[in-house]
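**Q** heads up, no residue letters with this:
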């Protein structure tokens, strides 16, 4: 009974690792599942089979239900056509679960995999696989070679797979870097289009508030400088300035981002939360987008408007709420189809691995974010 209990516990723990939200988000961010063949990966698999002398090689990506063969050599029949199998036919899942190489001389005698259906259905007997990690270090799948006969794997075989896997992981990191760069370039272009409208609003608000030209000039200068400070928090390389270790306090970032916006009462409250460079970028872009929309359509467009930003940490998540209130019913609502809305969604869901809920009320927009605590240290 104890042995059965331990086996059941192990299976449950393995399933939990396979379905871990952070790992699945990392896998989804690569956009490799169900994608076409790519020569860079096909070449790596061909080299693996040639250098080890084995007939089958795979780059297998594993989610919570199946394994998908991004690249493969030596498969035949329906499995080659489908490029996937359920986990009942997967040795690669063990590489992901353990986060370590799986070395199997003869699967029929190996208690870890001897009940796996791939032995009888696919002829998998000898297996050597190493984990493939995403840019954030999460295990995405296995790079492996397979034989239909027992085989004693050598240290050179393992080293070959590890070297080729390192090349694959380097390619994944480069893709992630390019994607982040393109996103930030698009954001900068987006901001440049908004900046003139925003500065025009500053000038109009300053003209209404100032009693003389000197005071007006000082107000405009201060607001432009604050706007520049907010923009300097977000750099094209994803870094931050003026903060030891690249960390930014959420309250400081929020106040800096909101400082340039005229009109409306601003209330910012929340406990001490530190953000790593990547999270700081995502939060700065997200808050900037919310504030820009508020300046165009919402509370920042009216001196009687009000913006409340607050957050709290409960269990393993940071909850943040943005609430706008106007004294009159909104005449214009923001569109959910523009780049700004897509950017906000992307920042929260892809960069911060969180969730976003947007509610339009007659007097303003309410936005609620929930972000895993581990995503804040990135």
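**A** Happy to help now that I have it. Worth saying up front: this structure is predicted, and the values here are computed from it rather than measured.
**Q** how far is the helix or strand residue 129 falls within from where the chain is centred?
**A** Using DSSP states H and E, residue 129 sits in strand 126-133. Strand 126-133 has its C-alpha centroid displaced from the chain centroid by 24 Å (Cα atoms, centre = their mean, to the nearest Å).
**Q** repeat for stretch 61-69
**A** On Cα atoms, centre = their mean, the centre of stretch 61-69 falls 19 Å from that of its chain.
**Q** How about stretch 65-76?
**A** 25 Å.
**Q** for that stretch, which positions count as buried?
**A** By 16 or more other Cβ atoms under 10 Å, the buried positions in stretch 65-76 come out as 66-75. The way it works is simple: take the backbone N, C-alpha and C, and place the C-beta from them, glycine included.
**Q** what lines up beside whichever helix or strand comes after the strand holding residue 129 in the sheet?
**A** As assigned by DSSP H and E, the chain's next helix or strand after strand 126-133 is strand 139-147. Using DSSP bridges, the strands paired with strand 139-147 are strand 56-62 (antiparallel), strand 126-133 (antiparallel).
**Q** From the chain's centroid, how far away is strand 139-147?
**A** Put simply, strand 139-147 sits 23 Å off its chain's centre (Cα atoms, centre = their mean).
**Q** So which of the strands paired with strand 139-147 is the most surrounded?
**A** Compared across these, strand 56-62 shows the largest average neighbour count, a mean of 26 (mean count of other Cβ atoms under 10 Å).
**Q** Residues contacting that strand, please?
**A** Identification of contacts with strand 56-62 by Cβ atoms under 8 Å, 6 or more residues apart in numbering yields 18, 27, 32-33, 41, 44-46, 48-49, 67-75, 87, 90, 92-93, 96, 129, 132, 140-148, 168.
**Q** now do stretch 312-322
**A** Residues outside stretch 312-322 that contact it (Cβ under 8 Å, 6+ apart) are 270-271, 273, 287, 290, 307-311, 354, 365-374, 376.
**Q** So what would you say the end-to-end distance of that stretch is?
**A** Distance between the two ends of stretch 312-322: 12 Å, counting by Cα to Cα, to the nearest Å.
**Q** now stretch 130-150: mean pLDDT?
**A** Stretch 130-150 shows a mean pLDDT of 96.
**Q** I meant to write stretch 116-124 there.
**A** 96.
**Q** Stretch 359-366 too?
**A** What stretch 359-366 shows for mean pLDDT is 84.
**Q** Number the residues from 48 up from this point.
**A** Shifting the count to begin at 48 puts that one at stretch 406-413.
**Q** follow-up on the earlier one: may I see the strands paired with strand 186-194 organised as a markdown table, with distance to residue 307 added?
**A** Below are these laid out as a markdown table (distance: least, Cβ to Cβ, whole Å):
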| stretch | distance to residue 307 |
| --- | --- |
| strand 103-109 | 44 |
| strand 173-180 | 40 |
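**Q** So which of those strands is nearest residue 329?
**A** Between residue 329 and those, the shortest gap by Cβ to Cβ is with strand 173-180, which sits at 21.5 Å.
**Q** Show me the contact partners of the closest one.
**A** The contact list for strand 173-180 (Cβ under 8 Å, 6+ apart) reads 99, 101, 106-108, 138-139, 142-143, 146-154, 160, 186-198, 200, 204-205, 208-209, 212, 215-216.
**Q** Show me just the buried residues among those.
**A** Buried, going by 16+ other Cβ under 10 Å: 99, 101, 106-108, 138-139, 142-143, 148-149, 151, 153-154, 160, 186-194, 198, 200, 204-205, 208, 212, 215-216, out of the contacts of strand 173-180.
**Q** what about the helices in the stretch 298-425 of the chain?
**A** Assigned helices in the stretch 298-425 of the chain, in chain order: 324-344, 386-393 (criterion: DSSP state H, counting those that start in this stretch).
**Q** Strands of this structure, start to end?
**A** Residue ranges of the strands in the chain, as given by DSSP state E, are 103-109, 113-120, 131-133, 149-151, 173-180, 186-194, 295-296, 312-317, 321-322, 353-361, 364-372, 402-408, 411-419.
**Q** Can you check which of the ones you listed gets nearest to residue 259?
**A** Residue 259 lies closest, by Cβ to Cβ, to one member of the strands of the chain: strand 312-317, at 25.1 Å.
**Q** chain center to that closest one, what's the gap?
**A** Computed by Cα atoms, centre = their mean, the chain-centroid distance of strand 312-317 equals 28 Å.
**Q** picking that back up, put the buried members of the contacts of stretch 359-369 into a ChimeraX selection.
**A** To isolate the buried ones among those in ChimeraX, judged by 16+ other Cβ under 10 Å, type:
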select :317,320,334,337,354,355,356,358,401,412,413,414,416,417,418,419,423
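**Q** what sits opposite residue 402 in the beta ladder?
**A** With DSSP bridges as the rule, residue 402 is bridged to residue 417.
**Q** you'd agree residue 88 is up against residue 216?
**A** No - using Cβ atoms under 8 Å, residue 88 makes no contact with residue 216, being 11.7 Å away.
**Q** Flag the shaky bits of the stretch 198-347 of the chain, pLDDT-wise.
**A** Within the stretch 198-347 of the chain, the stretches with pLDDT under 70 are 234-235, 237-249, 251-253, 255-257, 265-266, 269-293, 309-311.
**Q** change it to 90
**A** Scanning the stretch 198-347 of the chain for pLDDT under 90 picks out the ranges 223-296, 299-300, 302-314, 318, 322-347.
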